[in-house]
Each structure stands twice: as C-alpha cells, then as structure tokens.
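Peer 1: What follows is a predicted structure for the sequence shown.
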Amino acid sequence: MEIDLVGHDGSNASGEYCFTLTVTDIATGWTVNRSVPNKAEKWVVDALQHVSGVFPFPILGIDSDNGSEFINHHLFRYCMQRQITFTRSRPGNSNDGAHVEQKNRARVRELVGYLRYDTAGELELLDEIWEADRVFTNYLLPQQKLISKTRHGAKVSKKHDPPATPHQRAIRDPSVRKMPVIRMNAQFKKIRPAALSRQILALTGRLETIALAKRPAPAKPAANQGWNQRTHAEIRR
C-alpha cells in the first residue's frame, strides 16, 4: 500500500485545517480515504486503523513519503504490532508514490477541490464523502494499469492492460482469499449506482456551501462615496 496526506488549507496554511489520508493498493488500485483534523501522528494512526478495518483484504505493507506525520515512533510501533512492513520513499523522489499521488488528484481534489476545511462539521462531511466514494471508486470505476513503456527517440509508447475496476482486479488476484472475495461480491450486488452518485453530489455540495459561508463578505465602497467627496470639496470652497 502507498499512503499520503492531502491538506485542505484553501491556500492559507496558517492555523489548523483538515487533512485526508489516502491509502492505495498498488496491485489492485483499491483506495480508501479518511480525513483527520490535523496531521498529528495520533490522528494519522487512528485514520490508518479505520482504513485497515474497511479494506477487504489484509494490509501487509505500507510505503510513505518522508513527512514527520509518517516517520515517527507512533506509526512504527503500530506497524510492528501488526507485522506490517513499513518502508518510505527516497527523499525528493515524488514518483516513488506515483499510485497514491494519482489518487490524490483523481479522487480527493476531483471531489472536494481546494477550499479550506477546518471545522468539526466539515471533517464529518469529508468522511461521509469518503465512505460513499470508497464504494463508488472501487466497485464502479474501471482503471488501466501501465504494462510497459518504450522510448523510440523522442517518442514514448505506452502499453496498458484492459480496463478493470479494483473489485474486478481483487477477485481475480490468486493471493486474495475466498472469504474477502465473497464479501466483496456481496457488497457489489447491493450497490445502486445512480443513488450513490446523487448521494456523493449532495454531500460535496453541502461541504462547499459550508466552506464558502465561512469566507468574510467582500468590503463594499460606501454608497455615493464619489459624490460625497465632491460635495464636501465644494462646501470647503
């Protein structure tokens, strides 16, 4: 698994604001998000515990960047207790986490944008969105994986595999056991795609409304300000 945090600072990094933890399985593309009030290591581990609980198959290893929210004793102890292999990317090599970075753009930013979310109500809404999107993304959105890349001079040719959802990739993977496959297939049969899509749109709309309502109203010039200035000038003369 690759893990990463996305900040919801709204282009204003002062004070505390929400972050979203994204966890992506490299083999299947299965992705789960969970938001936290800030990037303190305690909240990151709590979010990872939640993600582990809703993943359809066990998390055997995680790979993070070199941020202090990940490289700390709290997360290391969590991994040691659960026999999870913990690795990190090379400093300055963002492509080491290319799978999760792609999900940050395609799902997190696509759904909730770049506004500032820093209240308990917004945090709750973010997690409602991720809960619905977890089902939508993993069961309904086909993805393609890069198989090979060949360079011929200035031209690069890429070959991808046939599109498949993370659910389809997971149930075809021989390393996934029978019970997780049964649970995933049962979940898939319960999905109502149109209703789920409307639910996500409604939640993101509410989140945007709350975030925009916090912005201060733009300052308006006083009515007839120019006329008043001319009148006072004439009186002084």
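Peer 2: Arrived safely.

Peer 1: Keeping just the C-alphas, turn stretch 70-81 into PDB.
Peer 2: The C-alpha trace of stretch 70-81 is given here as PDB (Å, rounded to 0.1, in the frame of the first residue of the first chain):
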ATOM      1  CA  PHE A  70       4.600   9.200   8.900                       C
ATOM      2  CA  ILE A  71       8.200   8.800  10.100                       C
ATOM      3  CA  ASN A  72       7.600   8.600  13.800                       C
ATOM      4  CA  HIS A  73       7.600   6.100  16.600                       C
ATOM      5  CA  HIS A  74       3.800   6.000  16.800                       C
ATOM      6  CA  LEU A  75       3.300   4.700  13.300                       C
ATOM      7  CA  PHE A  76       6.400   2.400  13.500                       C
ATOM      8  CA  ARG A  77       5.000   0.800  16.700                       C
ATOM      9  CA  TYR A  78       1.600   0.400  15.000                       C
ATOM     10  CA  CYS A  79       3.200  -1.500  12.100                       C
ATOM     11  CA  MET A  80       5.400  -3.600  14.300                       C
ATOM     12  CA  GLN A  81       2.500  -4.800  16.500                       C
END
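
Peer 1: Tell me where this protein has helices.
Peer 2: Ranges of helices within the chain are 41-54, 73-81, 98-103, 110-112, 120-140, 166-172, 178-190, 193-213, 225-236, based on DSSP state H.

Peer 1: Skip the chain neighbours and tell me the closest residue to residue 145.
Peer 2: Distance criterion Cβ to Cβ, 6 or more residues apart in numbering; nearest residue to residue 145, sequence neighbours excluded, is residue 161 at 5.1 Å. (Glycine included, C-beta is placed from N, CA and C.)

Peer 1: Put together a markdown table for the helices of the chain, with mean pLDDT, mean neighbour count and distance to residue 1 on each row.
Peer 2: Below are the helices of the chain laid out as a markdown table (pLDDT from 0 to 100; neighbours: other Cβ atoms under 10 Å; distance: least, Cβ to Cβ, whole Å):
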| stretch | mean pLDDT | mean neighbour count | distance to residue 1 |
| --- | --- | --- | --- |
| helix 41-54 | 94 | 18 | 9 |
| helix 73-81 | 93 | 14 | 11 |
| helix 98-103 | 87 | 20 | 8 |
| helix 110-112 | 93 | 20 | 21 |
| helix 120-140 | 96 | 19 | 14 |
| helix 166-172 | 95 | 19 | 13 |
| helix 178-190 | 95 | 12 | 15 |
| helix 193-213 | 96 | 14 | 24 |
| helix 225-236 | 50 | 9 | 59 |
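
Peer 1: Would you mind giving these as CSV with distance to residue 32 added?
Peer 2: Formatted as CSV, the helices of the chain follow (distance: least, Cβ to Cβ, whole Å):
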stretch, distance to residue 32
helix 41-54, 5
helix 73-81, 16
helix 98-103, 10
helix 110-112, 14
helix 120-140, 5
helix 166-172, 10
helix 178-190, 13
helix 193-213, 15
helix 225-236, 54
